[in-house]
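Visitor: okay, here's the prediction I keep looking at, along with the sequence it came from:
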Amino acid sequence: MKRALRDGYELNDDSLRIDREAVHRYSSEESYWAKGRPRAVQDELIENAARVVGLHEGHQVGFSRTLSDGHAQSYLADVYVLDEHRGLGLGVELVRFSVDEGPFVKTKWFLHTADAHDLYRRFGFAEPSDRALER
Ligand SMILES: CC(C)(COP(=O)(O)OP(=O)(O)OC[C@H]1O[C@@H](n2cnc3c(N)ncnc32)[C@H](O)[C@@H]1OP(=O)(O)O)[C@@H](O)C(=O)NCCC(=O)NCCS
């Protein structure tokens, strides 16, 4: 599925449209969570994802990756918008499309973030209860 945004931006979950080199460049060089991630690992993460979303404007300027069992639980990862395209509301639309407009909208969602809590709070994400553990 895809959704056109203003100013020529488009969200698209066709994995064949993902620019893997661009995702690898951002993830391995600029992100704070996957510095140094090898290209082969990044490719495998995309192949094994339940859904990947690209934000395009001619070329790819944003991305998200979702892990899901399809019915009960989903995890949102690798969300980014390239620096020069930030502050235009694209990150909000990327998360909306990834979570609320995808096939896993009814599952329980999880994610980790260093500092973008308020972005995700808009979509109902909140600090977990004391029932949640992580390893
Ligand atoms: C986070 C990110 C995807 C947001 O993209 P964006 O296109 O700039 O976001 P938007 O323009 O849609 O605005 C996001 C909203 O969330 C808010 N926000 C909260 N925490 C934020 C953060 N750490 N970074 C950016 N926005 C944040 C913004 O203030 C904004 O709210 P507003 O509309 O009331 O001003 C982008 O800044 C990014 O790629 N950052 C680096 C990678 C990253 O941290 N990814 C998230 C990993 S969990």
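Guide: On my side now, so go ahead.
Visitor: where do the strands of this structure begin and end?
Guide: Applying DSSP state E to the chain gives strands spanning 2-4, 10-12, 51-57, 59-68, 73-81, 108-110.
Visitor: could you tell me which residues of this protein lie near the ligand?
Guide: 79-81, 86-92, 113, 115-116, 118-119 (C-beta under 6 Å from any ligand atom). In short, each C-beta sits where N, CA and C put it, glycine included.
Visitor: quick check: PyMOL command selecting the buried ones in those residues.
Guide: Of the residues of the chain next to the ligand, the buried ones can be selected in PyMOL as follows, counting by 16 or more other C-beta atoms under 10 Å:
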select buried, resi 79+80+81+90+91
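Visitor: which of the residues of the chain next to the ligand sit farthest apart?
Guide: Across these, the two members that end up farthest from each other (C-beta to C-beta) are L88 and T113, 19.7 Å apart.
Visitor: right, and the strands of the chain - which one's nearest A126?
Guide: Per C-beta to C-beta, nearest to A126 of the strands of the chain: strand 108-110, 10.8 Å.
Visitor: now do that closest one: distance to the chain's middle.
Guide: 13 Å (C-alpha atoms, centre = their mean, to the nearest Å).
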